[in-house]
Structure formats: structure tokens, C-alpha cells
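Asker: I'd like to go over a predicted model; first the sequence, then the structure.
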Amino acid sequence: MALTFEEIGRRLREAREQVGLSQAQVAEFLELSRPAVSDIESGKRKVNSIEIAHLANLYGFPVSHFLSEQSGESVDQGLAALFRAREIDPKDREKLAWLNGFITDYCQLKRIWDGMNHGS
């Protein structure tokens, strides 16, 4: 089954809600209108590669979470709580996003590695 723009939008909306950002905040971050963000999240507007990379970084997910046939893991609840903190410095948010992406990629690689070793 091919991944649809509606599914990508749903994943983006869920990630945005999980980190506690409004559509207006995301629109400001992307320099878009709030209705454009709403259209992306509903699948009515295609999200381009630059936008998805920025959103993945903002939300603390690897891009693959939004674009892979099978959705990646959710952000750990403790890390999600840090993303929702109102007083978090933008540089700290960026570091947390990088860390979450690193951990998610590590877990994905570990699953692949374990699967290869169990298949031997």
C-alpha cells in the first residue's frame, strides 16, 4: 500500500500535537499561513522535502517517521514532555530533536541487526 498525503498529514498533525505546538506556531516557524499548515495536515496540500525536514527537526522525529510505509516509534513520553515545555530554549529544542532522531535511528538499526542475526 502506497503512503498517501493524508497519512503523511495525519502523522505530522499527531507529532505536532504530541509536542504541544499549535498550527499557528508551526505556520510561523515555516513562514506559511495557518490554513496552509491545516491543508498539509489534512492531505489537501503536498508538503515539500524542505518543509518535511524542518518539521521533523521541530517535532523531534526522523524524516522516515513521516515518510516510511510503516510509521516509526513515537517519541518517548519523557522527551515529549520536554518538547512541550514552554520555557525551552530553541537551541535546546534543536538538540533534543537531534537526540530523538538519533535514538529512533539507533532503535531501527538494532531491529534490523537483530532480525539479520536471528535469520542466520
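Answerer: Arrived safely, thanks for sending.
Asker: next secondary structure element downstream of the lowest-mean-pLDDT helix or strand in the chain?
Answerer: Ranking every helix and strand in the chain by mean pLDDT, DSSP states H and E puts helix 77-84 at the bottom, with a mean of 57. Note on helix 77-84: by DSSP states H and E, the next helix or strand toward the C-terminus is helix 90-118.
Asker: and that next one, what's its mean pLDDT?
Answerer: Averaged across helix 90-118, pLDDT comes to 75.
Asker: same thing with stretch 57-71?
Answerer: Computed over stretch 57-71, the mean pLDDT rounds to 79.
Asker: now that stretch: buried residues?
Answerer: Under the neighbour-count criterion of 16 or more other Cβ atoms under 10 Å, stretch 57-71 has Asn57, Leu58, Tyr59, Gly60, Phe61, Pro62, His65, Phe66, Leu67, Ser71 buried. C-betas here are computed from N, CA, C, even on glycine.
Asker: so which of these comes closest to Gly20?
Answerer: Using Cβ to Cβ, the shortest approach to Gly20 within these belongs to Tyr59, at 10.4 Å.
Asker: what's the distance between the closest one and Leu99?
Answerer: Here the distance between Tyr59 and Leu99 works out to 13 Å (Cβ to Cβ, to the nearest Å).
Asker: same check on His54?
Answerer: Distance from His54 to Leu99, by Cβ to Cβ: 17 Å.
Asker: the two: which has the busier surroundings?
Answerer: His54 (16 against 13; other Cβ atoms under 10 Å).
Asker: check which helices and strands the helix or strand where the more buried one lies sits against.
Answerer: Assigned by DSSP H and E, His54 falls within helix 49-59. When contacts are defined as 3 or more Cβ pairs under 8 Å, 6 or more residues apart in numbering; DSSP states H and E, helix 49-59 sits against helix 5-19, helix 23-30, helix 63-67, helix 90-118.
Asker: among the ones you listed, which comes closest to Ile40?
Answerer: Across those, Ile40 has its closest neighbour in helix 5-19 (5.6 Å, Cβ to Cβ).
Asker: how far away from the center of its chain is the closest one?
Answerer: Distance, stretch centre to chain centre, for helix 5-19: 8 Å (Cα atoms, centre = their mean, to the nearest Å).
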